[in-house]
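just need the structure, nothing else, for what follows:
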Amino acid sequence: MLRLEPRAQASVVWRYASPVLALAITVVLGVLLFMALGKDPLRGLTVFFWEPIKSVYALSELLVKATPLLLIALGLAVCFRSNIWNIGAEGQFVMGAVFASGVALLADANSLSGYWVWVLLAGVLGGMVWAGLTAWLRDRFNASEILVSLMLVYVAVMVLNYLVYGAWKDPLGYNFPQTKTFDAVTQIPKLIPGTRVNIGVLLALAGVGALWVFLFRTRAGFAQQVGGLAPDAARYAGFSSRRALWLALLSSGAAAGLAGGLEVAGPLRQLTPFVPAGYGFAAIIVAFVGRLHPVGMVLSALLMSMFYIGGELAQSRLGLPRSLTGVFQGLLLFTLLACDTLMQYKLRWVPAVPSVPALKGGAS
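This next block holds a predicted model:
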């Protein structure tokens, strides 16, 4: 029989090579999947890994997809390093979009330029409010943040649907469940003319730098990580677990809310039922593939955005279901977990011990 035995020390090289190996295994499994579906595997890999980067416009769309993934993953990294499991970033993303849309709908042609700043701040507030509910229930009643944050995702989606199908529905929208198109004054400034790339990219990169400084150059960041790795040592050192809880969840909610605000005030320019695109869940994979490191998450966010764009192209060009995006995301996470397990443990073959048959009639 095979048995997992802990290694004396995990390899430092494989700590960073493990995501690369997981990606390679995912590609191999993708080839087998395309063959099983009766599609040309080379064409399938081209759609997923070449089409999203073959032109300037394709690269711009890659950045548009990667921006919310990176922002949400940065916030989740603070939680996960603190051993606080915020699984409901999707709900915080949706509420950030709702709050931002509420402020955007108040704008008119007479609003001051730069009104988009207030839209984004409203998105940040929405994400923090939703994450704050999880923090309060965990702090006050010791409720599981995993279950609470996850269940709040469905509440957020119901709030969104109530608004777009009811109170905020555009009366001139031909009965489609959506708000009116936001005024131009709420539009986020674009970085590249003729594309949808906006200053959200710069905000995400600023977040990368801010998170690196916070985690590795501040006492508060050190306290967060110690609390996650060794709670008893953190209490002995006088670090407040309560403060760590609120800081982690509020910062994570703020990042997800900002991503939601950027989404509705940038590419979408209105609130629709299609705002929940799964970014909050995909960002969990982004965070772990990037090793919870700010720079690593930049690369993993780009990779995950390739999966999103590849899934859309596979639907239109290869006739495959769009759910193929989720399949590739799941394969990547599964293979990464498998590689990490073998990095920490080694497989050992242990011969089975034959069982001794019982003596009939009992022992004499």
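
where does the stretch 101-250 of the chain have low pLDDT?
Along the stretch 101-250 of the chain, the model assigns pLDDT under 70 to no residue.

one more time with 80
109-111 (pLDDT under 80).

L347 touches P6, doesn't it?
No: L347 lies out of contact with P6 (C-beta atoms under 8 Å); the separation is 11.9 Å. From N, CA and C alone the C-beta is placed, and that goes for glycine too.

need the contact list for L125.
Neighbouring residues of L125 by C-beta atoms under 8 Å, 6 or more residues apart in numbering: 99, 257.

distance of it from A100?
Distance, L125 to A100, by C-beta to C-beta, to the nearest Å: 9 Å.

anything in contact with each of those two?
Joint contacts of L125 and A100 (C-beta under 8 Å, 6+ apart) are G257.

now do the contacts for the residue nearest to L268 when sequence neighbours are not counted.
Sequence neighbours aside, V275 is the residue nearest to L268 in space, at 7.1 Å (criterion: C-beta to C-beta, 6 or more residues apart in numbering). V275 sits next to 93-94, 97, 160, 260, 263-264, 268 when contact means C-beta under 8 Å, 6+ apart.

out of the residues you listed, who's the most crowded?
G260 (39 neighbours; other C-beta atoms under 10 Å).

about what we covered before: next, give phi and psi for the residue nearest to L268.
Backbone torsions of V275, given as degrees, to the nearest 10, read phi -60, psi -40.

what's the distance between it and G260?
7 Å.

swap in V47?
With C-beta to C-beta as the criterion, V47 and G260 are 28 Å apart.

same thing with Y16?
Counting by C-beta to C-beta, the gap from Y16 to G260 is 31 Å.

mind listing what the residue most central in space within the chain touches?
Nearest to the geometric centre of the chain sits A283, at 1.2 Å (C-alpha atoms, centre = their mean). Going by C-beta under 8 Å, 6+ apart, A283 touches 68-69, 72-73, 76, 89, 256.

try it again with 10 Å
By C-beta atoms under 10 Å, 6 or more residues apart in numbering, the residues touching A283 are 68-77, 89-90, 93, 252, 255-256, 259, 297, 300-301, 304.

cool, N110 as well?
183, 185.

so it, which of the three states?
coil (DSSP: H, G, I helix; E, B strand; the rest coil).

so how far is R219 from it?
From N110 to R219 the distance is 47 Å (C-beta to C-beta).

show me the strands in this protein, by range?
Using DSSP state E, the strands found in the chain span residues 2-6, 345-349.

of all the ones you listed, which lies closest to G228?
With C-beta to C-beta as the measure, strand 2-6 is the member of the strands of the chain nearest G228 (20.5 Å).

who's in contact with L112?
Contacts of L112 by C-beta under 10 Å, 6+ apart are 118, 185.

quick check: it vs T186, distance?
Distance from L112 to T186, by C-beta to C-beta: 11 Å.

please apply the same query to V129.
Look at V129 and T186: by C-beta to C-beta, they are 21 Å apart.

so between the two, which is more surrounded?
Set V129 next to T186 and count neighbours by other C-beta under 10 Å: T186 wins out with 25 against 16.
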